[in-house]
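S.K.: okay, sequence plus prediction incoming.
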Amino acid sequence: MRKLSNSKDTNIKKDSIKKSKVLSYGHNGDFYYEIYKIIPLLFIVGLLPFVIRLKIIPLEGPFYEFWNGEKINADFFTYYKQIFIYIVTCWAMLNTFLFTKKIKFTKAYYFMGTYAILIILSTVFSKYPQITLNGFVERREGMWIVLCYLLLMFSTINLVETEKQIKAIIYTLGISGVIISIISIFQYFGMDIFATEFAKDYMISKEIQAQIKEFNIQFGEKYSYGVFYNPNYLGGYISFYAPLMLSFAIISKNIKEKIIFSIFFILSILALYGSRSEAGVLGTIGTVLLLILVVIARYIIKDKPQEEYKKIMFAKFVPILGVLIILPVSLSYIPISQNPLTRIRTEAVALFKPSDLKSKDYKEIGPINDIKHIDDKMIEIVINQSSTYIKIDDSSNINILEEDKVVWNKNIDDLIDGEIYILDSHESYQAQLLLNKTEYSDVYGIKYSANPYGVDLYFIFDKGKLNIADSFYKKLDINRDLQPSKHIGFTGKGMIASGRGYIWSRSFPIMIENLLIGTGQDSFVIEFPRNDIYGRQVDDHLTRLWIITDKPHSFYIQVGVQSGVLSLIVILIGIFLLLYRNIQDTFFSDVKYNWNIMSLGIVGYLISSVFNDSILAISPIIYIFIGICISLTIKNSKERIL
């Protein structure tokens with residue numbers, strides 16, 4: 001007769017088996033079921049960057065008013081990404097409520113909810129709700145999209161529970177990122193996939209191709225853009241991707257995984273250097289060094305007494321040694337003039353060097369000293385303290401005068417549209433005049449160029465009156481639009497960080513004016529002083545007098561302006577608490593730290609975001625990984641984090 005085992009032991013054994021299945025496969029013991037739940041998240045992580053398709057969009061209202069004068073926009077990189085995010089977010093939320101028996105509680109929701117409320121309030125009180133709801137041209141990060149980011153984070157917190165789900169997301173990111181890295185490396189060597197017939201068929205519908213006689217996309221030479229249309233965004237992506245791949249190469253216990261993730265890391269580093277993105281290099285190298293410190297500290301504090309010395313050395317420090325060799329060697333092959341680290345060092349020195357400006361009056365510094373109306377038909381232009389007058393007389397003759405002497409004149413009806421006329425009016429520079437007929441038949445656009453200074457000024461002749469205009473021949477008010485703008489810092493150093501110094505200095509006053517709520521999502525293009533030609537000529541560059549600044553080139557300024565400084569504080573506190581709890585779990589808890597280390601990828605992105613904006617192709621991925629970190633910390637510390 002078989003002896004019956006103790007019932008208590010039997011229950012313990014059953015509980016152990018059940019627990020093992022939960023950790024490996026999920027609550028239903030079905031691996032495929034667990035993966036099915038997170039498919040929307042896999043779509044965002046793996047496919048979103050590759051959603052590239054041409055959409056011809058007519059521009060009207062504020063979308064036309066604040067853009068570049070074109071009535072249509074050829075959008076490759078944002079229109080269909082926006083739709084993709086809307087659809088996948090709805091899918092993720094549906095899965096959340098279908099497959100989650102109980103919504104997890106975490107204080108992270110307080111931060112997410114506060115941020116969402118401030119975004120909504122900023123939209124409600126915005127001057128241009130059309131822009132703040134759906135986003136501006138070629139950005140499309142309106143209120144609905146940012147709320148989608150938060151919903152994706154919410155779904156991730158509740159859907160991602162098992163190690164196999166996390167691995168599925170990591171593998172998806174790894175494969176997607178290595179494809180982007182390979183594309184980027186080929187771009188650097190002049191083999192751009194976007195210049196091929198395959199790319200043409202992929203990005204442009206047959207209907208639009210039939211209407212286009214010639215098709216050519218120029219992305220630049222010896223630059224890597226990946227799939228982000230801007231090398232800085234590629235750098236931002238790599239600053240998140242590369243530290244993650246290195247982390248998993250270090251923590252993985254499988255030799256094949258170590259090799260695969262190491263290859264992914266090396267390829268991403270090559271793509272990063274091809275992008276020449278200082279922001280990406282700072283984020284990546286800073287985070288890699290932090291990762292090395294974390295691994296060494298963890299070894300000293302916890303691992304050394306518990307694990308075999310040789311095993312620790314092979315598993316963790318061999319990949320680190322490889323990194324310390326790869327980084328300097330790869331840098332040595334980049335010319336000094338193109339080396340991101342060289343440029344970072346040069347600009348850091350320039351930042352702390354005292355300004356050599358002897359005056360803070362931008363008009364006095366010049367070369368543009370003043371532009372002013374004499375009357376309705378005469379405008380005075382003062383360049384390098386020398387005055388030139390443009391006058392339209394009653395017979396519609398354009399007269400160029402110096403010291404009350406006419407040095408050039410011609411009837412406006414005799415001028416040929418698009419033809420350049422040389423005005424030998426100054427010994428110190430050669431002036432040119434170009435007539436452009438604007439979209440209105442009775443309005444003439446006049447471009448006055450003073451070479452070699454690179455000064456281009458624009459005027460319109462409308463209904464017998466001469467007025468100053470911007471580069472798109474839109475009328476300006478000299479007393480309102482052309483006054484030097486408010487600024488804080490970077491005086492005489494606006495070209496630091498590729499012109500970011502100028503943009504940031506003009507953005508800080510806008511942030512101060514929006515402490516509680518902001519100006520609305522994607523409204524930066526409206527709020528930024530776009531006609532600050534006196535300030536730009538000193539703190540930026542003469543060739544950029546009329547450039548459109550539609551983004552601050554800093555995620556933190558972007559948030560501070562568009563949803564308010566309060567929302568920025570909420571985000572920073574929330575992320576700080578999350579990282580703090582991850583550190584606690586890594587060093588001072590009994591939980592395994594392996595997956596907590598993915599928060600270092602977020603740190604890399606946060607560093608590069610000092611110089612980069614939030615964009616559709618990357619931000620949803622970051623929000624998903626923040627959601628994973630929150631979910632892990634809830635599980636590891638039994639909801640004692642946020």
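M.R.: Received, thanks.
S.K.: give me the element Tyr229 is part of.
M.R.: For Tyr229, there is no host helix or strand (DSSP states H and E).
S.K.: let me fix that: Lys391
M.R.: Lys391 belongs to strand 386-392 when assigned by DSSP H and E.
S.K.: how far out from the middle of the chain is that strand?
M.R.: Averaging C-alpha positions (Cα atoms, centre = their mean, to the nearest Å) puts strand 386-392 43 Å from its chain's average.
S.K.: contact partners for the residue lying closest to Gly177 once chain neighbours are set aside?
M.R.: Sequence neighbours aside, Tyr241 is the residue nearest to Gly177 in space, at 4.4 Å (criterion: Cβ to Cβ, 6 or more residues apart in numbering). Backbone N, C-alpha and C define where each C-beta goes, glycine included. Neighbour list for Tyr241: Leu173, Gly177, Ser268, Gly601 [criterion: Cβ atoms under 8 Å, 6 or more residues apart in numbering].
S.K.: if we use 10 Å, what do you get?
M.R.: 173-174, 176-178, 180-181, 234, 264-265, 268, 271-272, 280, 284, 601, 604-605, 618, 621 (Cβ atoms under 10 Å, 6 or more residues apart in numbering).
S.K.: swap in Gly492?
M.R.: Lys353, Pro354, Ser355, Asp356, Leu357, Lys358, Lys360, Ile365, Gly501, Val538, Asp539.
S.K.: what about 8 Å?
M.R.: By Cβ under 8 Å, 6+ apart, the contact list for Gly492 reads Ser355, Asp356, Leu357, Val538, Asp539.
S.K.: where does Asp9 land on pLDDT?
M.R.: Here the pLDDT value assigned to Asp9 is 47.
S.K.: Leu357 belongs to a strand?
M.R.: No. According to DSSP: H, G, I helix; E, B strand; the rest coil, the state of Leu357 is coil, so it is not within a strand.
S.K.: the closest residue to Phe472 other than its chain neighbours: neighbour count?
M.R.: Excluding its sequence neighbours, the residue lying closest to Phe472 (Cβ to Cβ, 6+ apart) is Gly69, at 3.4 Å. Counted by other Cβ atoms under 10 Å, the residues lying close to Gly69 total 15.
S.K.: check Ile35 too.
M.R.: Using other Cβ under 10 Å, Ile35 is surrounded by 18 other residues.
S.K.: show the pLDDT at the residue nearest to Ile412 when sequence neighbours are not counted.
M.R.: Sequence neighbours aside, Ser396 is the residue nearest to Ile412 in space, at 4.7 Å (criterion: Cβ to Cβ, 6+ apart). Per-residue confidence (pLDDT) for Ser396: 83.
S.K.: what does Phe194 give?
M.R.: Reported pLDDT for Phe194: 87.
S.K.: pLDDT weak spots in the stretch 1-150 of the chain?
M.R.: 1-29 (pLDDT under 70).
S.K.: where along it do the strands fall?
M.R.: Along the stretch 1-150 of the chain, counting by DSSP state E, counting those that start in this stretch, strands occupy 55-58, 72-75.
S.K.: dump these into CSV; add distance to Leu48 and mean neighbour count as well.
M.R.: Shown next, in CSV, are these (distance: least, Cβ to Cβ, whole Å; neighbours: other Cβ atoms under 10 Å):
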stretch, distance to Leu48, mean neighbour count
strand 55-58, 16, 13
strand 72-75, 16, 15
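S.K.: Glu402: which of those is closest?
M.R.: strand 72-75 (42.0 Å; Cβ to Cβ).
S.K.: please name every helix or strand in contact with the longest helix along the chain.
M.R.: Looking across the chain with DSSP state H, the single longest helix is helix 163-188. The contact analysis (3 or more Cβ pairs under 8 Å, 6 or more residues apart in numbering; DSSP states H and E) places helix 163-188 against helix 7-25, helix 31-37, helix 39-47, helix 231-251, helix 255-275, helix 619-637.
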